[in-house]
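Colleague: Got a predicted structure here, sequence first:
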Amino acid sequence: MASTDDKVILKSSEGECFEVDMAVASHLQIVKSVLEDCEGSSDKVVSLFIVEAKYVAMIIEYYKNYVELKEKHEEGGFEEKLKEFEKQFLEQIDKKELKGLVMAVNYLNAPALFDVVCTAIAKHIENKSVEYVREYFGIVNDFTAEEEAQIREEHRWAYDGVNDD
Amino acid sequence: MSIFFPMEIVEQILCRLPLPVTVRFSRVCKQWQSLIGSIDYNPACLSSSKSLPKSDGLIVVNYSSLNALPYPVLRCLEPGNFDGRRARSYYMPHQWVVGSIHNLICIFSLLQDIYIWHPVITRYIHATQHEFTGTDICMMILGFGFDAVTNDYKVVKMAVGGGEFNFKAQVFSLKAGKWRDIRGQWLVPEGVYFGAVATGFFVNGAIHWLGSRANQEHVILTFDVLNECFYSIELPDALSDPLACIFLCEIKGSLAIIHNDDTKDDVPGCCNIWEMRDSWTKICSFGKQETVTVVKVLEDGDIWFAKRGGTCRRNRTEIVSYNPSSGVIKPTGIHGFFSALYGMVIIPEQNCDGESGIACYGLN
């Protein structure tokens, strides 16, 4: 069993606390560097000021499984098992939540999960219309109708197989 | 969490998308458009599209409008002295430019790989290697065309084997993302020679190659991009003549031929332009003093010639613009390797770091 020395507490923007194994938390570069900065201090609480609790929970869940699978499949098969888990993991996340999650992961600097979420968002928008993408990311169209028509004409070939939602 | 979505994350998402999708999303907003034009795509995280592999060899592409000249200046960069992405100059070995349509450039490498490349966003699609089996290939006939009916870009590749003159042809559809064999009625005139690698000229829904028969007379082989069939176009005697120096070009949407007539030693050469509408018609003729190659016939009727030597260094070429009705020849300020002037692609202004540009590419 891990001793309390190997635990760290992550505090969400709402002040909710999550006790996490160091092996898990060390995948978050920001946590790692904060702890290195205050080495020797008994205070093992890291405040993640801008990250909501629901995202902290998701990130912990991902890396907990990541660490466990890595231990279990040291001799191979880790990548396949991780892929399986990632699929399940993404299924339970709302498409709108992916945006919040990717920003949280980007802030915490966790490369493996960042790649997973970016790929998931890319897959989600791949067959979507430009209008959907604007709405999804909350972007205001700053092209004039003429400019837009011109760009569309230039790239006509890229518009097939697009869903309207 | 703020609603502001950082562009660094958008970039990471976009570089995980296939090329046509990214291109489509350049319409989202101006910030995305400029981002898509400047993304440094990481080949490791892309599957269907990557930036072209670096190697020694050569094609040079460049454009610029330096020195406040009223026309674009084309610089050829020397090996080892370029910054590919920033200057939008590309150096590629042993590769042929098959053709360019709507800012897409089709490239064929000696390894028989075909790439459809977008120089503005510096990404490409690799038309995966496909085999022609049971044939010793002695000629490779390639073309890049656009099918306006199905809104699809197609690459056609025909291999001609030795001995029995065995033709095999395949088409790559950008939409389908794969090759398929062409079957059915497509007869190539027997004994027509095109050179080891022949790249076709696309105009008005069809790709055309200039070939020679066994008796060395010129003939045009044509591929209908929509119906995916081949046929041949006969030429009038003046053009089919083995000694006639002819080039294919496009005039206002029709196939045309530039004929450099240098056959009479004592008379200065002249240049004839023939146009194919219902039949071949000579539409204009003018005298010329030097060896020239036609690069392009512009919309307004001006003709761009590649002129060897001149004010440029040896083995270099200058492109001059000629107006057939006034007879005026003007420099365009574009220079390049003589054999490298292969075609042109217009790069949209907003994607050229503020400079309007024209790119010229070719084979050394």
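Modeller: Yes, it's here.
Colleague: which helix of chain A spans the most residues?
Modeller: When chain A is parsed with DSSP state H, its longest helix is helix A:53-72.
Colleague: so what secondary structure elements neighbour that one?
Modeller: strand A:17-21, helix A:22-25, helix A:78-91, helix A:95-108, helix A:111-126 (3 or more CB pairs under 8 Å, 6 or more residues apart in numbering or on different chains; DSSP states H and E). From N, CA and C alone the C-beta is placed, and that goes for glycine too.
Colleague: okay, that helix in CSV with CA atoms only?
Modeller: The C-alpha coordinates for helix A:53-72 follow below in CSV (Å, rounded to 0.1, in the frame of the first residue of the first chain):
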residue,chain,number,x,y,z
ALA,A,53,-14.3,19.4,-10.3
LYS,A,54,-16.0,17.4,-13.1
TYR,A,55,-12.9,17.7,-15.3
VAL,A,56,-10.5,17.0,-12.4
ALA,A,57,-12.5,13.8,-11.8
MET,A,58,-12.3,12.8,-15.5
ILE,A,59,-8.6,13.5,-15.7
ILE,A,60,-7.9,11.4,-12.5
GLU,A,61,-10.0,8.6,-13.9
TYR,A,62,-8.0,8.5,-17.1
TYR,A,63,-4.6,8.5,-15.5
LYS,A,64,-5.6,6.1,-12.8
ASN,A,65,-6.6,3.6,-15.4
TYR,A,66,-3.5,4.5,-17.5
VAL,A,67,-1.2,3.7,-14.5
GLU,A,68,-3.0,0.5,-13.6
LEU,A,69,-3.0,-0.8,-17.2
LYS,A,70,0.6,0.0,-17.6
GLU,A,71,1.5,-2.0,-14.4
LYS,A,72,-0.8,-4.9,-15.4
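Colleague: in it, what's buried?
Modeller: For helix A:53-72, burial by neighbour count (16 or more other CB atoms under 10 Å in any protein chain shown) applies to A:53-56, A:58-60, A:62-63, A:65-67, A:69.
Colleague: Wasn't A:Gly15 part of a helix?
Modeller: No - applying DSSP: H, G, I helix; E, B strand; the rest coil, one finds A:Gly15 to be coil, outside a helix.
Colleague: Tell me how far it lies from chain B.
Modeller: From A:Gly15 over to chain B the distance is 16 Å, taken as CB to the nearest CB, to the nearest Å.
Colleague: Just want the phi and psi numbers for that residue.
Modeller: A:Gly15 adopts backbone torsions of phi 90, psi 0, taken as degrees, to the nearest 10.
Colleague: Look up the closest residue to the residue nearest in space to the middle of chain A, ignoring the ones flanking it.
Modeller: By CA atoms, centre = their mean, chain A has its centre lying nearest to A:Val102, at 3.8 Å. Spatial nearest neighbour of A:Val102, chain neighbours left out: A:Val117 (4.4 Å); criterion: CB to CB, 6 or more residues apart in numbering or on different chains.
Colleague: OK, contacts around the one you found?
Modeller: A:Leu98, A:Leu101, A:Val102, A:Val105 (CB atoms under 8 Å, 6 or more residues apart in numbering or on different chains).
Colleague: Regarding B:Trp23, what is its secondary structure?
Modeller: Small correction: residue B:23 is Val, not Trp. helix.
Colleague: how deep is it tucked in, by neighbour count?
Modeller: 24 (other CB atoms under 10 Å in any protein chain shown).
Colleague: Checking my notes, B:Phe230 in a helix, right?
Modeller: No - applying three-state DSSP, one finds B:Phe230 to be strand, outside a helix.
Colleague: hang on, the earlier thing: mean pLDDT added to the helices and strands packed on helix A:53-72, as a markdown table?
Modeller: Formatted as a markdown table, the helices and strands packed on helix A:53-72 follow (pLDDT from 0 to 100):
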| stretch | mean pLDDT |
| --- | --- |
| strand A:17-21 | 92 |
| helix A:22-25 | 91 |
| helix A:78-91 | 93 |
| helix A:95-108 | 92 |
| helix A:111-126 | 93 |
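Colleague: how about the ones you listed in a markdown table, adding distance to A:Ile9?
Modeller: Conversion of the helices and strands packed on helix A:53-72 to a markdown table gives the following (distance: least, CB to CB, whole Å):
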| stretch | distance to A:Ile9 |
| --- | --- |
| strand A:17-21 | 5 |
| helix A:22-25 | 9 |
| helix A:78-91 | 23 |
| helix A:95-108 | 15 |
| helix A:111-126 | 20 |
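Colleague: Pull the contacting residues for the closest residue to A:Val45 other than its chain neighbours.
Modeller: The shortest distance from A:Val45 to any non-neighbouring residue, by CB to CB, 6+ apart, is to A:Ile9 (4.5 Å). Shown in contact with A:Ile9 (CB under 8 Å, 6+ apart): A:Cys17, A:Phe18, A:Glu19, A:Val20, A:Lys44, A:Val45, A:Val46.
Colleague: go on, B:Gly143?
Modeller: By CB under 8 Å, 6+ apart, the contact set of B:Gly143 is B:Val98, B:Gly99, B:Val155, B:Val156, B:Thr199, B:Gly200, B:Phe201, B:Phe202, B:Ile207, B:Trp209, B:Phe223.
Colleague: how many neighbours does B:Ser325 have?
Modeller: Neighbours of B:Ser325 (other CB under 10 Å): 9.
Colleague: do the one 3 residues further on as well
Modeller: By other CB under 10 Å, the residues close to B:Val328 number 10.
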